[in-house]
Structures are given as structure tokens and as C-alpha cells.
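*Asks:* my questions concern the predicted model and sequence given below.
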Amino acid sequence: MDAVELARKLQEEATCSICLDYFTDPVMTACGHNFCRTCIQTSWEKAKGKKGRRRQKGVFPCPECREMSPQRNLRPNRLLTKVAEMARQHRGLQERDLCPAHQEPIKLFCLEDQSPICVVCREAQEHREHRVLPVEEALREYKLKLEEDMGYLQEEDRVKDRRERIMVEFEKVALFLAEEEQRLLRALKREEEETAMQLRNSKATLDQQRRSLDLLLLQLEDQSLREPLQMLQDMKGTLARKRNLSVQCPEVAVPAVVRTVCRVPGQRDVLRGFQEEVMPDPTSAYPYLLLYESRQRRYLSPLPEASTACGRDRFLAYPCAVGQQSFSSGRHYWEVGMNLLGDALWALGVCRDNVSRKDRVPKSPENGFWVIQLSKGKQPLSPGPTTPVTLTEPPSHIGIFLDFEAGEVSFYSVNDGSHLHTYSQAAFPGPLQPFFCLGAPKSGQMVISTVTMWVKG
């Protein structure tokens, strides 16, 4: 074996397979492979953070053969320490640090050519006008740049992973919502079929009773045409047939009363993304409508005894108030808590900012009101062009969602997340304000954000 081959073999034996440099404080694993102590510890620390099968504590794979090796079994290799020191001092192994053209130590780095050079190359015509740096300084500069690039790429990977995770989670939600939609539609279809069956059965019963009544009527007509004595003789049987004919009214199936409730899972969380702190405007409140701000422990509206002239913006016809905000675009959501007493009608929703506040007008979209009425103990009114929707079993909390561009106002039960009603039109005629209306005195309280409203009796 010649000297060059011997030098190459010595270099291989003195080189760490992880850092590809001469060994520094070499240690041997249980499987017989050698590494720098710092290199193998760093490799094992990185292996701790990787996901995969659980490993026994303190045992890690060898980077060379992947055999599991206890960390505590690392043994210093003093012989290899001497070999590495010999390799560092061997001139034949330092040729990689010499300029191949001039056999001078490479101590400079040409920034234009992106190549290491020696001092003789620096004075040559090829590099004389180029900007150069010492190798150590260029190494620090490029190391920082590489670290920045690595950080950027790692951040890109994290963003990519987050993007993929978001897409996967939304696909799961979309699949779940599609399944829930089909379940509700099937329930509604079954209810529709049951109602149709009830209607058919009721019609068949009524048809049977109608035929029986027609037959009895014909018999009575025939009886009335007979001779008086003969008619009186058969009267007992005729009256018995009449008594035996029982007319039963079948149970009425009302198609308008739908039992299947629309509850979209997670809808309240979505709506709360548009939630705002809506506050009633004291200057718009009915004179006997009291507003108490619990956070500040103070009355926002003057007490009736202290009120003087009513402003032009104050409601006089009903115990109503509007919100301080005015909406002319976007999506907005707020919630209202209620404690209803008695059977007085309440109302809440939105209204135009220029509705009549002096006169009593129906609270309908035609008059600038998009509201639902809340009542205990009253029969629901059939919604029409001048009648708002009335709930006879109102929840304790109601959410109102305004989508101005879509022309929609929707109402939801906060208690169970069910949809109550939606007004929809092509477009709203102008800015809208939150609307709150209470019933008679002692009919309960309404809570909007931190403000409690009630009518003084």
C-alpha cells in the first residue's frame, strides 16, 4: 500500500461519519461504531423529538447500523483520539486546504466567483478587482444566511402543514354537516309522510261519515213522504238509526306545525365570529322604559319623575328602544336574554333608523320592522304582511344575525342552537338598528349586553 492510499485510509478512520471532520473526543457505542461525543449526543437529542414508535428510555439507534444502543454505555476511545490527532498533523491530509494552483493555504473567499482562493490568487488578474473576505468571516456570513434560509423553509413547511390541517378539518366538518343535513331532511320527510297519512285517514273517515249521513237523509226524506199513520209507526226505528249514527270529528293534522327543528351543529360558534356588543340608546327609550347599566351600577335613562320634554328620537307609542349602532353593511350578531312574566307581547329584531316613533304601527317589514314577537300563554298569530312571527314558548336567550348584503335577518335559540325564523328580501331600504320592545309594566326584563331594561309600573 503506497503512502497516498495509507494517508487516505488514515483519514477515513479518523473521520466522524456525522460531522465528516476529524474526531473530537471520540466515543464508541455498544455496537462498535465511533462518533464525536457531541455529534452522537446531538443525533440522539434530535431522535427524541421525532414521532414514531415509542422507544425505551435512554436507548437510541446507532446512526450507522440503526442498532439500539444504551446512551450510558458510551465509552471513550483514547486510541482513536490519538489517530485523529495524527491525521490533523499529517501534511498529506492537509492538501485539501491548499490552493491546487499555487499550493498555498486557502485563507480567502472570492464573493464574485463564490470560490475559496489563496493570497497568490488574490493578486492575480482574475481576482484583483473582486471583493474578497477572510474564510472565517465568509463562513460566518454564509452560515447566517443558510440559517435564515433554513428558518424560512421551516416556516414554509409549518405554514404548509397548517394549511393542510385546516383543509382536512374543514373537510371533516363539511362531511359531518352534510350528514346532519341529510338526517334532518329525512326526519322532515318522515314527518311530511306522517302528516299526509293523517290527512288521508281523516278524509276517509269524513267521507264514510258523509255517506252515512246521506243515506240517513234519504231515509228521512222517504219517511216524510209516507202516510201519517205509517210514518208514526216507523218513527221508533228511524229515531234509533239516528241515535246509532255517531259523528266523530277526526284529529286535525295541521301541516303548518312542523315538529322537526333545524339545529346546525357548531352554528353558534360560527355566528359568534360576528358578535358585537350591542348597547341600547337611552335617548331613544320610551319615557317609562328604564335602562340600568350593571357594570357601572347606574341608570342610563332618566327616571320618569325626572323626565321633562320628550326628545324627537324617543319612542312614545310603545315601551321600545333602539341600539346605539346603525348597520348599513356587513354581518352582525348579538344575543338578548329575557325573563318573561305574564302573557304580554315583547318584540326584538331590527328596524329602519327612520321608523315612526310617535304612532302605533304594525311591526312588519312594510313599516320598517324585521322582528319576532315573544309571548307566554297567547295563541300564535299567523304571520302575514302586517303581522310578525309570534313564539308562544320563547327561549330565555335569543340570537339575532343580520346579513345586510344578503338582505336577511335570522333568529336563533341560544338555549339549543335551533333556528327560529328568517326574514329575507332582495335588499334593505336603508341603515338598520337593533330593536327592543317590552310589554306592559311588570311583564319581565330584557338584558342586552350589560344593560337591563324593564317598564316602570
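*Replies:* In hand now; what should we look at?
*Asks:* measure the closest residue to Pro280 other than its chain neighbours to Pro26 for me?
*Replies:* The shortest distance from Pro280 to any non-neighbouring residue, by Cβ to Cβ, 6 or more residues apart in numbering, is to Ala321 (4.5 Å). Quick note: C-beta positions are derived from backbone N, CA and C, even for glycine. The gap separating Ala321 from Pro26 is 83 Å, by Cβ to Cβ, to the nearest Å.
*Asks:* can you pull the buried residues of the lengthiest strand in the chain?
*Replies:* In the chain, assigned by DSSP state E, the strand with the most residues is strand 331-340. For strand 331-340, a neighbour-count test (16 or more other Cβ atoms under 10 Å) marks 331-336, 338, 340 as buried.
*Asks:* now the residues you listed as a markdown table including pLDDT and distance to Glu393?
*Replies:* Converted to a markdown table, the buried residues of strand 331-340 look like this (pLDDT from 0 to 100; distance: Cβ to Cβ, whole Å):
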| residue | pLDDT | distance to Glu393 |
| --- | --- | --- |
| Arg331 | 92 | 28 |
| His332 | 94 | 26 |
| Tyr333 | 94 | 23 |
| Trp334 | 95 | 22 |
| Glu335 | 94 | 18 |
| Val336 | 94 | 16 |
| Met338 | 87 | 12 |
| Leu340 | 83 | 10 |
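*Asks:* whatever helix or strand Ala87 lives in - what's its average pLDDT?
*Replies:* Using DSSP states H and E, Ala87 maps to helix 78-89. Averaged over helix 78-89, pLDDT sits at 83.
*Asks:* again, but for stretch 436-452
*Replies:* Averaged across stretch 436-452, the pLDDT comes to 88.
*Asks:* quick one: contacts of that stretch?
*Replies:* Identification of contacts with stretch 436-452 by Cβ atoms under 8 Å, 6 or more residues apart in numbering yields 277-280, 288-289, 291-295, 300, 318-323, 334, 336-342, 344-348, 363, 371, 434, 453-457.
*Asks:* before we move on, what about stretch 83-90?
*Replies:* Counting by Cβ under 8 Å, 6+ apart, 7, 10-11, 13-15, 22-24, 26, 93 sit against stretch 83-90.
*Asks:* could I get it in PDB with only the CA atoms?
*Replies:* The C-alpha coordinates for stretch 83-90 follow below in PDB (Å, rounded to 0.1, in the frame of the first residue of the first chain):
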ATOM      1  CA  VAL A  83      -5.300   8.700  15.400                       C
ATOM      2  CA  ALA A  84      -7.300  11.800  14.800                       C
ATOM      3  CA  GLU A  85      -4.600  14.000  16.200                       C
ATOM      4  CA  MET A  86      -2.000  12.200  13.900                       C
ATOM      5  CA  ALA A  87      -4.300  12.800  10.900                       C
ATOM      6  CA  ARG A  88      -4.600  16.500  11.700                       C
ATOM      7  CA  GLN A  89      -0.800  16.900  11.800                       C
ATOM      8  CA  HIS A  90      -0.100  14.800   8.700                       C
END
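*Asks:* buried residues in that stretch, which are they?
*Replies:* Of the residues in stretch 83-90, 83-84, 87 count as buried by neighbour count, 16+ other Cβ under 10 Å.
*Asks:* neighbours of Thr29, just the number please.
*Replies:* 23 (other Cβ atoms under 10 Å).
*Asks:* hang on, the earlier thing: derive a ChimeraX selection command for the buried subset of the contacts of stretch 436-452.
*Replies:* Of the contacts of stretch 436-452, the buried ones go into a single ChimeraX selection, burial set by 16+ other Cβ under 10 Å:
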select :278,279,280,288,289,291,292,293,300,318,319,320,321,322,323,334,336,338,340,344,345,346,347,348,363,371,434,453,454,455
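*Asks:* what sits against Gly342?
*Replies:* Applying Cβ under 8 Å, 6+ apart, we find Gly342 in contact with 376-377, 439-440, 442-444.
*Asks:* any idea of the mean pLDDT in stretch 419-428?
*Replies:* Here the average pLDDT along stretch 419-428 is 90.
*Asks:* tell me which residues in that stretch are buried?
*Replies:* 419-421, 423, 428.
*Asks:* relative to Val264, which of those residues is nearest.
*Replies:* Ranked by distance to Val264 (Cβ to Cβ), these are led by His419 at 7.3 Å.
*Asks:* immediately after the helix or strand containing that closest one, which helix or strand?
*Replies:* Assessed by DSSP H and E, His419 sits inside strand 419-424. Next helix or strand after strand 419-424 toward the C-terminus (DSSP H and E): strand 432-437.
*Asks:* can you state the direction angle for that next one and strand 331-340?
*Replies:* Relative orientation of strand 432-437 versus strand 331-340 (axes from the mean of the first three to the mean of the last three Cα atoms, to 10 degrees): 0 degrees.
*Asks:* kindly format the C-alpha coordinates of strand 432-437 as PDB.
*Replies:* Output of strand 432-437 as PDB, limited to C-alpha atoms (Å, rounded to 0.1, in the frame of the first residue of the first chain):
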ATOM      1  CA  LEU A 432     -80.900  49.300  10.300                       C
ATOM      2  CA  GLN A 433     -80.700  49.500  14.100                       C
ATOM      3  CA  PRO A 434     -81.200  46.800  16.700                       C
ATOM      4  CA  PHE A 435     -84.800  47.000  18.100                       C
ATOM      5  CA  PHE A 436     -86.100  46.100  21.600                       C
ATOM      6  CA  CYS A 437     -89.700  46.300  22.800                       C
END
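*Asks:* show the average pLDDT along stretch 370-379.
*Replies:* Per-residue scores along stretch 370-379 average to 78.
*Asks:* where does the stretch 251-400 of the chain have low pLDDT?
*Replies:* Residues of the stretch 251-400 of the chain meeting the criterion pLDDT under 70: 251-261, 295-311, 377-387.
*Asks:* recalculate using a threshold of 80.
*Replies:* Counting by pLDDT under 80, the stretch 251-400 of the chain has low-confidence residues at 251-268, 294-313, 342-344, 376-388, 392-393.
*Asks:* do the stretch 51-200 of the chain as well
*Replies:* In the predicted model, the stretch 51-200 of the chain carries pLDDT under 80 at residues 51-58, 71-73, 87-98, 102-105, 165-166, 168-170, 172-173, 176-177, 179-180, 184.
*Asks:* and the helices in it?
*Replies:* Ranges of helices in the stretch 51-200 of the chain, per DSSP state H, counting those that start in this stretch, are 78-89, 119-123, 135-224.
*Asks:* with distance to Pro394 added, can I get those in TSV?
*Replies:* Listed next are the helices of the stretch 51-200 of the chain as TSV, based on distance: least, Cβ to Cβ, whole Å:
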stretch	distance to Pro394
helix 78-89	84
helix 119-123	88
helix 135-224	22
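*Asks:* so which of those helices comes closest to His102?
*Replies:* For the helices of the stretch 51-200 of the chain, the distance to His102 is smallest for helix 119-123, at 4.3 Å, taking Cβ to Cβ.
*Asks:* the strand holding His419 packs against which elements?
*Replies:* Using 3 or more Cβ pairs under 8 Å, 6 or more residues apart in numbering; DSSP states H and E, the elements in contact with strand 419-424 are strand 369-374, strand 389-391, strand 408-413.
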